[in-house]
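> Sharing a model prediction with you, sequence too.
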Amino acid sequence: MRQGKMYSVAQPDGIIQQQRNFVLLLTCLGAIMVLSLLLAVSLGSAKITAGEAYRIILYKAFHLNINHIAEQASLAHLDIIWEIRLPRVLMSAFVGAGLAVCGAVLQATVQNPLAEPYILGISAGASLGATFSILLGGLAGILFGLGTAVWAFIGALAASLFVMTLASIGGRPSTVKMVLAGSIASALFIALANFIIYIASNAEGMRTVTFWTMGSLAAAKWDTLALPAAGVAACCIFFLTQFRTLNTLLLGEEAAISLGVDLDKVRRLYFVITALVTGLIVAACGIFGFVGLVVPHVVRGVVGADHRRLIPATILAGAIFLIWADVLARIVLASGELPIGILTALVGAPFFMYILVKQSLNFGGQ
């Protein structure tokens, strides 16, 4: 009796301590993200101190002329921070958060730790749509004036539908069939994109597509930031409310159905949302592979598989990861900029091999 009483008292204390630790973790991640934003805008070929960058942002955003920054800072520094670096850093934060949360959601949706937009072929579909828009674009401009973004979403959605349809052949789609279908979709859509590149006679467009397929944030501006930022923000807010359904999906298909989850409906909805976000990201920045694979796994190892904790931590960690990946891409080469997609692949491919080799994935456990 005494031991049972001690256990009943200790258990709430342990839960409260876990909640406190998680709040502390989120606070630290939020502080790291803000600090990363401030430091990232000060790093680059032009040497600008973090303090000067901070004062420039306050001056441009809120018209606060701290220490007479308008008189002290050169016009070039004002333009570099506000017009070039800040939109780029914000874009990297939104893109990292969006890809990471899409990876976490897809891993739960198909109950496979290898799932993410790049591996499931969604990125390849978005790439095909954007390549079509850039090289053969006549029809792109008639769709609400959004052009490449619309076609990237159409390609991503087509890839998602293709994967779900292919995996459903012969019965209910399984987790293994979904990943295999994603691999097929990725190969097919990349081949079609390469075919368009091969037959196109637009030399300038071919150079654009070639650089864009390696992923880059160099084109990030205030006017190109709004659409992907809004899409990622809406996606993150939605999936923050879906933690119960995502946790139920981790129990397996039969358990989820027995608990009242309409598995086909949920999968279609989540695939469409991730396709939309992936299409917006690919249209704006190109392809960044493995971000949705690496970040959720690292975060899951820290906070566990409960999506109440996993989703918010993944959003912040994804933003931090891509902010610093972009900084490294900007400064690693003295002669120019390294496409960020190369860096994410160099990090993600070994991590992918590690997951394949590892026998105990602890996926769905604490």
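Nice, I can see it. Numbering: from 1, shown residues only.
> Please name every helix or strand in contact with the strand or helix carrying A329.
Using DSSP states H and E, A329 falls within helix 307-331. Taking 3 or more Cβ pairs under 8 Å, 6 or more residues apart in numbering; DSSP states H and E as contact, the helices and strands that helix 307-331 lies on are helix 2-40, helix 86-109, helix 222-240, helix 243-249, helix 291-303, helix 340-357. For every residue, glycine as well, the C-beta is placed using N, CA and C.
> Is it possible to get those out as TSV so that each row also shows mean neighbour count?
Converted to TSV, those look like this (neighbours: other Cβ atoms under 10 Å):
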stretch	mean neighbour count
helix 2-40	12
helix 86-109	27
helix 222-240	17
helix 243-249	19
helix 291-303	24
helix 340-357	16
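> Could you export those as a markdown table, including mean pLDDT and distance to H77?
Output for those, formatted as a markdown table (pLDDT from 0 to 100; distance: least, Cβ to Cβ, whole Å):
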| stretch | mean pLDDT | distance to H77 |
| --- | --- | --- |
| helix 2-40 | 77 | 15 |
| helix 86-109 | 94 | 12 |
| helix 222-240 | 93 | 18 |
| helix 243-249 | 92 | 43 |
| helix 291-303 | 90 | 31 |
| helix 340-357 | 79 | 24 |
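> Of the ones you listed, which is nearest H63?
The closest approach between H63 and any of the helices and strands packed on helix 307-331, judged by Cβ to Cβ, belongs to helix 86-109 at 15.7 Å.
> how much space between the residue nearest to G129 when sequence neighbours are not counted and I169?
Leaving out its chain neighbours, the residue that sits closest to G129 by Cβ to Cβ, 6 or more residues apart in numbering is G155, at 2.6 Å. With distances defined as Cβ to Cβ, to the nearest Å, the gap from G155 to I169 amounts to 22 Å.
> And A152, by the same measure?
The gap separating A152 from I169 is 27 Å, by Cβ to Cβ.
> Same check on A334?
Relative to I169, A334 is positioned 52 Å away (criterion: Cβ to Cβ).
> Identify each buried residue in the helix or strand containing A284, please.
Using DSSP H and E, A284 falls within helix 263-285. Neighbour-count burial for helix 263-285, with 16 or more other Cβ atoms under 10 Å as criterion, is recorded at 263, 266-267, 270-271, 273-285.
> who does it touch, helix- and strand-wise?
Using 3+ Cβ pairs under 8 Å, 6+ apart as the contact test, the elements touching helix 263-285 are helix 86-109, helix 122-136, helix 148-168, helix 222-240, helix 243-249, helix 253-258.
> change it to 7 Å
With contacts defined as 3 or more Cβ pairs under 7 Å, 6 or more residues apart in numbering; DSSP states H and E, helix 263-285 has these neighbours: helix 86-109, helix 122-136, helix 148-168, helix 222-240, helix 253-258.
> how about these, which one is nearest T49?
With Cβ to Cβ as the criterion, T49 lies closest to helix 86-109 of these, at 15.2 Å.
> Compute the inter-axis angle for the closest one and helix 148-168.
Helix 86-109 and helix 148-168 meet at an angle of 10 degrees, taking axes from the mean of the first three to the mean of the last three Cα atoms, to 10 degrees as the criterion.
> any idea which helix or strand carries S335?
Under the criterion DSSP H and E, no helix or strand holds S335.
> residues in contact with it?
Contact partners of S335, counting by Cβ atoms under 7 Å, 6 or more residues apart in numbering, are absent.
> Tell me how far it lies from A218.
Where A218 is concerned, S335 sits at a distance of 15 Å (Cβ to Cβ).
> quick one: stretch 186-199 to chain centroid distance?
Mean-position distance between stretch 186-199 and its chain equals 23 Å (Cα atoms, centre = their mean, to the nearest Å).
> hmm, I was thinking of stretch 212-229
When C-alpha coordinates are averaged (Cα atoms, centre = their mean), stretch 212-229 and its chain have centres 13 Å apart.
> what about it, how long is it end to end?
Between the opening and closing residues of stretch 212-229 lies a distance of 19 Å (Cα to Cα, to the nearest Å).
> can you list contacts of that stretch?
Looking at what lies outside stretch 212-229 - Cβ under 7 Å, 6+ apart - the contacts are 87-88, 90-92, 94-95, 127, 149, 280-281, 284-288, 326, 337, 339-342.
> and if you look at stretch 236-251?
Contacting residues not belonging to stretch 236-251 are listed as 97, 101, 105, 108-109, 111, 256, 259, 261, 266, 273, 305-308, 311-312, 315, 364 [Cβ under 7 Å, 6+ apart].
> same thing but at 8 Å, please
Applying Cβ atoms under 8 Å, 6 or more residues apart in numbering, the set of residues contacting stretch 236-251 from outside is 97-98, 101, 105, 108-109, 111, 255-256, 259, 261, 263, 266, 273, 305-308, 310-312, 315, 363-364.
> can you give me the offset of that stretch from its chain's centre?
Its chain's C-alpha centre and that of stretch 236-251 lie 17 Å apart, by Cα atoms, centre = their mean.
> With stretch 330-348 instead?
Using Cα atoms, centre = their mean, we find the averaged C-alpha position of stretch 330-348 to lie 17 Å away from the chain's own average C-alpha position.
> cool, stretch 28-45 as well?
18 Å.
> Just the CA trace of that stretch, in PDB.
Backbone C-alpha positions of stretch 28-45 (Å, rounded to 0.1, in the frame of the first residue of the first chain) are rendered in PDB as follows:
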ATOM      1  CA  CYS A  28      15.700  27.400 -25.700                       C
ATOM      2  CA  LEU A  29      14.900  26.500 -29.300                       C
ATOM      3  CA  GLY A  30      12.900  29.700 -29.800                       C
ATOM      4  CA  ALA A  31      15.800  31.800 -28.300                       C
ATOM      5  CA  ILE A  32      18.300  29.900 -30.500                       C
ATOM      6  CA  MET A  33      16.100  30.600 -33.600                       C
ATOM      7  CA  VAL A  34      15.900  34.400 -32.800                       C
ATOM      8  CA  LEU A  35      19.600  34.500 -32.200                       C
ATOM      9  CA  SER A  36      20.300  32.600 -35.400                       C
ATOM     10  CA  LEU A  37      18.200  35.000 -37.400                       C
ATOM     11  CA  LEU A  38      20.200  38.000 -36.000                       C
ATOM     12  CA  LEU A  39      23.500  36.400 -36.500                       C
ATOM     13  CA  ALA A  40      22.700  35.000 -40.000                       C
ATOM     14  CA  VAL A  41      21.900  38.500 -41.400                       C
ATOM     15  CA  SER A  42      25.300  39.700 -40.300                       C
ATOM     16  CA  LEU A  43      27.300  36.900 -42.000                       C
ATOM     17  CA  GLY A  44      28.300  37.000 -45.600                       C
ATOM     18  CA  SER A  45      30.800  38.500 -48.000                       C
END
